[in-house]
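Colleague: using only what follows, build the 3D model:
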Amino acid sequence: MFESFGRGFRMIWASIKMGLQDHRLMYPSVLTVFTNFFFAAVLFLQAKSRMGPAANGMAHQAGDMIRRGDPSQLVNMTGLNGPMDPSGFSFGNLCTGDTMFLGFSIVAVWWITNRFLEGVTTALVYSHLTEGTGSGKFSIACQAVFSSLPAIVMLGGATFIARKLAGWMRDKRGSGVLGFGVNFLAQVIEVFWTLAGHLILPAIVVEGTSFWGAMKRADRIAQGNLLTIGVGEVGVDVICRAASGLVYLVGLSAFGAIIYAQSQHIMLPWPLITVAGTLWAALVVVVTAASLYIRAAFYTCLYVWAIESEAVEEADRHRICAPAPLAAALA
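Modeller: Below you'll find the model as predicted:
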């Protein structure tokens, strides 16, 4: 466990140094964070626009009933299946066919945008590792990813199915030895597909291959015993999640402290709150973007090492050096 964390920290530091050598490697990850904010805001505004008129209309009705002294009608409105039923307030207006289609479309475009930017990061890091600092071109990377979108969409669908299957197996597991076995199998599916899925993406973007061609390439990589390096990724993943969770916890704690101070009639200076909130938001952007970039860098390094090892005889593969960030992690 501690060895895994050690590898993770070394991989993170080496990836950051690589990004500092060429800042463009990190730009797509930063852009991903801002596009996430944008699409989340669009979804919020879309839900608010649907819920706002209904909520305002029902509030006026409730006010009229109270002024008329007719509480029985208000009870009916807030009763089971009433228009103000607390268990389903406004969902009748929200869950229409048009609304669901619009929401699904927004989420789909959101997902494709994230995968597109992840693919651009992969292409830029690959060029950096194989051709040298500053060799990657945004236009070429974007063109390669755009032409590979059908395969990337298929990868996303397969990943969704694998995760749902693993979740279903956990929910349906029995007790005793059988339950343990099913849960273990679900974890194997998640871990394997997480690693294999990230190895498939570089094959799609770099080689321009189809989804099934990338699957075959990932299978050859797995047969080369490179999946054992996944333990290093676990360290990276845990560290990135812990850092993100700590940043979010600090923000939530500060927000709770402000609410508590106001409840105790303690007035905090708003300029200080504004500055602290701005710094926290900036930290969220930095930590989230760094996590996205570091994970993409790791899997691209693993892919580069795999294809270089594949090009030589099996007896000579031990002489192939891993890319610099991965070599630092495994040192």
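
Colleague: so which residues of this structure form helices?
Modeller: Remark: helices assigned in the chain by DSSP state H are 2-21, 27-68, 71-78, 91-94, 97-131, 138-147, 149-172, 176-207, 211-223, 230-263, 270-310, 324-330.

Colleague: and those helices as a markdown table, adding distance to D316, mean pLDDT and mean neighbour count?
Modeller: Where you see a C-beta, it was placed from the backbone N, CA and C, and this is true even at glycine. As requested, the helices of the chain are arranged in a markdown table below (distance: least, C-beta to C-beta, whole Å; pLDDT from 0 to 100; neighbours: other C-beta atoms under 10 Å):
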| stretch | distance to D316 | mean pLDDT | mean neighbour count |
| --- | --- | --- | --- |
| helix 2-21 | 25 | 84 | 18 |
| helix 27-68 | 35 | 72 | 14 |
| helix 71-78 | 75 | 44 | 13 |
| helix 91-94 | 61 | 50 | 14 |
| helix 97-131 | 19 | 86 | 18 |
| helix 138-147 | 30 | 88 | 15 |
| helix 149-172 | 32 | 79 | 15 |
| helix 176-207 | 22 | 69 | 18 |
| helix 211-223 | 17 | 76 | 17 |
| helix 230-263 | 23 | 80 | 14 |
| helix 270-310 | 9 | 87 | 18 |
| helix 324-330 | 17 | 80 | 20 |
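
Colleague: out of those, nearest to H318?
Modeller: Counting by C-beta to C-beta, H318 lies closest to helix 270-310 out of the helices of the chain; the figure is 8.9 Å.

Colleague: what's the angle from the closest one to helix 2-21?
Modeller: Inter-element angle recorded for helix 270-310 and helix 2-21: 100 degrees (by axes from the mean of the first three to the mean of the last three C-alpha atoms, to 10 degrees).

Colleague: for helix 270-310, packing partners?
Modeller: In this structure, helix 270-310 makes packing contacts with helix 2-21, helix 27-68, helix 97-131, helix 176-207, helix 211-223, helix 230-263, helix 324-330, judged by 3 or more C-beta pairs under 8 Å, 6 or more residues apart in numbering; DSSP states H and E.

Colleague: report the inter-axis angle for it versus helix 230-263.
Modeller: Using the same axes, to 10 degrees, helix 270-310 lies at 170 degrees relative to helix 230-263.

Colleague: and the angle for helix 270-310 with helix 211-223?
Modeller: Using the same axes, to 10 degrees: helix 270-310 against helix 211-223 is 80 degrees.

Colleague: next, format the helices of the chain as CSV and append distance to H318.
Modeller: Written out in CSV, the entries for the helices of the chain read as follows (distance: least, C-beta to C-beta, whole Å):
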stretch, distance to H318
helix 2-21, 19
helix 27-68, 33
helix 71-78, 72
helix 91-94, 59
helix 97-131, 20
helix 138-147, 32
helix 149-172, 31
helix 176-207, 20
helix 211-223, 16
helix 230-263, 18
helix 270-310, 9
helix 324-330, 13
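
Colleague: and T130, what does it touch?
Modeller: V304 (C-beta atoms under 8 Å, 6 or more residues apart in numbering).

Colleague: again with the one 10 residues further on
Modeller: Each residue near I140 by C-beta under 8 Å, 6+ apart is listed here: A123.

Colleague: any chance of the helices and strands packed on helix 270-310 in CSV, plus distance to G157?
Modeller: Rendered in CSV, the data for the helices and strands packed on helix 270-310 read as follows (distance: least, C-beta to C-beta, whole Å):
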stretch, distance to G157
helix 2-21, 29
helix 27-68, 20
helix 97-131, 11
helix 176-207, 11
helix 211-223, 9
helix 230-263, 23
helix 324-330, 29
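
Colleague: out of the ones you listed, flag the one nearest E310.
Modeller: Per C-beta to C-beta, nearest to E310 of the helices and strands packed on helix 270-310: helix 211-223, 6.7 Å.

Colleague: quick one: contacts of that closest one?
Modeller: Under the criterion C-beta under 8 Å, 6+ apart, residues 150-151, 154-155, 158, 196, 199-201, 203-204, 207, 209, 227, 303, 306, 310 lie in contact with helix 211-223.

Colleague: and if you look at stretch 240-250?
Modeller: Contacts to stretch 240-250, defined as C-beta under 8 Å, 6+ apart, come from residues I12, W280, L283, V284, V287, T288, A290, S291, I294, R295.

Colleague: same thing with stretch 21-33?
Modeller: So stretch 21-33 is in contact with 18-19, 113-114, 117-118, 120-121, 124-125, 128, 133-134, 136, 138, 284-285, 288-290, 292-293, 296-297, going by C-beta under 8 Å, 6+ apart.

Colleague: quick check, central residue of the chain?
Modeller: Taking C-alpha atoms, centre = their mean as the criterion, L292 is the residue nearest the geometric centre of the chain, at 7.7 Å.

Colleague: is it correct that that one is in contact with V125?
Modeller: No: at 11.9 Å, L292 does not count as touching V125 under the criterion of C-beta atoms under 8 Å.
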